[in-house]
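Student: Pasting a predicted model and its sequence here:
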Amino acid sequence: MNEIVVPSSAATPYGEPLRPDAPALDALFGTIAEGAAQREYERILPHEPLALIRAAKLGALRLRVEAGGAGASFRELFGVVLRLAAADANVAHILRNHFTFVERYARNPRNAAEEGWQRAVADGAIVGLANTESDAKVVGGSPFATVLRPDGDGWRISGRKYYSTGTIFSDLVLVRVATPEGGNASLILPVKREGIEIVDDWDGIGQRLTGSGTTIFNDVRVEPDEVVPDGTGVGYGTAYSSTLPQLYLTTVNAGILAAVLRDATALLKSRKHTYFFAPTPVATEDPILQQALGEISAAAYAAEALVLATAEALDVADALRASGASSEEVNAAAHGAALKAARAKVIIDDLTLRSASQLFDVGGASAAHRAVNLDRHWRNARTLASHNPRSYKARLLGLHAIDGTPLPPSSFF
């Protein structure tokens, strides 16, 4: 494995990774929030916010303190993600694949290669993902057309991936491939490796700045220790390991809801006039507008509570795994967390989309000005909610309620 070089921007002014309760973290998120609406309006990729995140070593939140991390629990991690998403949903989404990588391949290293990736994360490195192939019949699934080819003592790959969220901002990229034997594996490669081309061609209605476009691999060299074959309990082979990235998307939507509450409150307080048939001449004294704002407030509270309760369930499963509990106990706890994550998504997606629409009830016609860019909340939430649609979650939750059928333990559920 070649030495991993983290950009000099990762030289942190903080001395150590920021803890979730650090006042400096609030200041960081405040800085990121200041330009979020304008960046989205003008389609300015958030390279500067990501440089700040590198400097704060935010990506090392889940690493243990002795490994150079902040030692955060899942509850603390998702609390931070929610706050970051309230500041800028695009920036929060960019880090989704990074935190999933850390959990699968860096937090509990099994060999020298994973120890190297852990050190890179502790130094501020960010990891992206290249998984989905546009021609695949199942989104994100296998078989992959990108296949390892023998090349001396290593390998080479050629292929094209889409939905490469965050990779354009990253130092490393996790690439999902097929092995010559017909299995699957993860490759962890430096993004500047010769033959890797990252294209900013994502044109979705929302999450426009996440770099969720194409990554091209043109005869790219892969070293032997950069390959991690799937296996039971390893990476993608760990039962219910996809609960984390699923809850992550739901948490970003919860953060959007918090931003909707913030913007709706500011709008109502700033209104100079009200509706022709309004019951009062002052907007903040209008009980109808007060009710709309109150409903958004209640929705934001419920969304945060659901996210944190689900994150605590992940902590329970994590503690059991660390204690050496039986696989049956660990899987039961992990399944319980997956159930809570599915339930949270079904509710939070709806709450966020409804509240993002109510924002315009509070703000009136002036809130619809394009330059104000308040429609980004609905567009972003709708785009996030389209990942693993709620209807599939709800159906399997119903089946579980009827006869106890467990949720799928792997893949993208």
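Tutor: Great, that's in hand. These numbers come from a predicted model, not from an experiment.
Student: element containing A37, please.
Tutor: helix 36-42 (DSSP states H and E).
Student: Excluding covalently adjacent residues, which one is nearest to D201?
Tutor: Nearest non-adjacent residue to D201, counting by C-beta to C-beta, 6 or more residues apart in numbering: G213, 4.1 Å away. To be clear about C-beta, it is placed using only N, CA and C from the backbone, and glycine gets the same treatment.
Student: correct me, but the one you found touches G204?
Tutor: No: the pair formed by G213 and G204 falls short of the contact definition of C-beta atoms under 8 Å, at 9.6 Å.
Student: okay, those two: which has more neighbours?
Tutor: Neighbours were counted for G213 and for G204 using other C-beta atoms under 10 Å; G213 has more, 19 against 15.
Student: Next up, phi/psi of that one, please.
Tutor: phi -100, psi -140 (degrees, to the nearest 10).
Student: so how far is R395 from it?
Tutor: Using C-beta to C-beta, to the nearest Å, one gets 31 Å for the distance from G213 to R395.
Student: Give the burial count for the closest residue in space to V175 that isn't next to it in sequence, as a bare number.
Tutor: Leaving aside its sequence neighbours, V175 sits nearest to L187 (C-beta to C-beta, 6+ apart; 4.3 Å). L187 has 22 neighbours, counted by other C-beta under 10 Å.
Student: go on, the one 3 residues further on?
Tutor: The number of residues packed around P190, counting by other C-beta under 10 Å, is 19.
Student: now do A27
Tutor: A27: 11 neighbours (other C-beta under 10 Å).
Student: Could you pull up the contacting residues of it?
Tutor: Not one residue lies near A27 by C-beta atoms under 8 Å, 6 or more residues apart in numbering.
Student: again with L268
Tutor: For L268, the contact set (C-beta under 8 Å, 6+ apart) comprises 283-284, 289, 293, 362-363.
Student: can I see the domain layout of this structure?
Tutor: Domain segmentation of the chain under automatic domain parsing yields 8-125, 130-229, 239-403.
Student: Pull up the distance across the last one, start to finish.
Tutor: As for domain 239-403, its first-to-last residue distance stands at 21 Å under the measure C-alpha to C-alpha, to the nearest Å.
Student: and it, how far from the chain's centre?
Tutor: Chain-centre distance of domain 239-403: 14 Å, with C-alpha atoms, centre = their mean, to the nearest Å.
Student: Same check on the second one?
Tutor: In terms of C-alpha atoms, centre = their mean, the gap separating the centre of domain 130-229 from the centre of its chain is 18 Å.
Student: Please apply the same query to stretch 24-44.
Tutor: For stretch 24-44, the separation from the chain centroid amounts to 17 Å (computed by C-alpha atoms, centre = their mean).
Student: Could you find the closest non-adjacent residue to the residue nearest the centre of the chain?
Tutor: The centroid of the chain falls nearest to R96 when counting by C-alpha atoms, centre = their mean (2.6 Å). Using C-beta to C-beta, 6+ apart and skipping residues adjacent in sequence, the residue nearest R96 is Y248, 4.6 Å away.
Student: burial of the one you found, as a residue count?
Tutor: Counted with other C-beta under 10 Å, residues neighbouring Y248 total 24.
Student: same question, L63
Tutor: 22.
Student: returning to that earlier point: need the phi and psi values for the residue nearest to R96.
Tutor: Reported as degrees, to the nearest 10, the phi and psi values for Y248 are phi -60, psi -50.
Student: isn't it right next to F99, touching?
Tutor: Yes: counting by C-beta under 8 Å, F99 is a contact partner of Y248 at 6.7 Å.
Student: and for those two, which residues touch both?
Tutor: Common neighbours of Y248 and F99 (C-beta under 8 Å, 6+ apart) are V81.
Student: tell me the contacts of V228?
Tutor: So V228 contacts 105, 113, 185-188, 234-235 (C-beta under 8 Å, 6+ apart).
Student: could you redo the last one with a cut-off of 7 Å?
Tutor: Residues near V228 by C-beta atoms under 7 Å, 6 or more residues apart in numbering: 105, 185-186, 234-235.
Student: Turn the residues you listed into TSV, including secondary structure.
Tutor: TSV is the format used below for the contacts of V228 (DSSP: H, G, I helix; E, B strand; the rest coil):
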residue	secondary structure
Y105	helix
A185	strand
S186	strand
V234	strand
G235	helix
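Student: Taking the residues you listed, please make a ChimeraX selection of just the buried ones.
Tutor: In ChimeraX, this line selects whichever of the contacts of V228 come out buried by 16 or more other C-beta atoms under 10 Å:
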select :105,185,186,235
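Student: quick one: G336 and E304, what's the gap?
Tutor: Distance of G336 to E304, given as C-beta to C-beta: 20 Å.
Student: ugh, wrong one, I meant Y162
Tutor: Y162 is 32 Å from E304, by C-beta to C-beta.
Student: What of L249?
Tutor: 15 Å.
Student: and these two? which has more neighbours close in?
Tutor: Higher neighbour count among L249 and E304: L249, with 24 against 21, using other C-beta under 10 Å.
Student: Strands of the stretch 151-300 of the chain, start to end?
Tutor: Under the criterion DSSP state E, counting those that start in this stretch, the stretch 151-300 of the chain contains strands at 154-161, 172-178, 184-190, 196-199, 214-222, 227-229.
Student: Out of these, which gets nearest to A298?
Tutor: Of all those, strand 172-178 sits nearest to A298, with 38.6 Å by C-beta to C-beta.
Student: Now do that closest one: everything it contacts.
Tutor: Residues outside strand 172-178 that contact it (C-beta under 7 Å, 6+ apart) are 4, 97, 101, 120, 125, 127-131, 142-144, 146-148, 157, 167, 184-191, 215.
Student: thought L18 was touching L52?
Tutor: No: counting by C-beta atoms under 7 Å, L52 is not a contact partner of L18; they are 10.8 Å apart.
Student: more crowded one of these two?
Tutor: When neighbours are counted by other C-beta under 10 Å, L18 comes out ahead of the other of L18 and L52, with 25 against 17.
Student: And that one, what's its pLDDT?
Tutor: pLDDT for L18: 89.
Student: cool, and Y14?
Tutor: In this model, Y14 carries a pLDDT of 66.
Student: so where's this protein uncertain?
Tutor: Applying pLDDT under 70 to the chain picks out residues 1-15, 139-141, 411.
Student: the helices in it, which residues?
Tutor: 23-34, 36-42, 47-56, 74-87, 89-94, 96-101, 112-122, 243-270, 287-323, 327-363, 375-385, 390-403 (DSSP state H).
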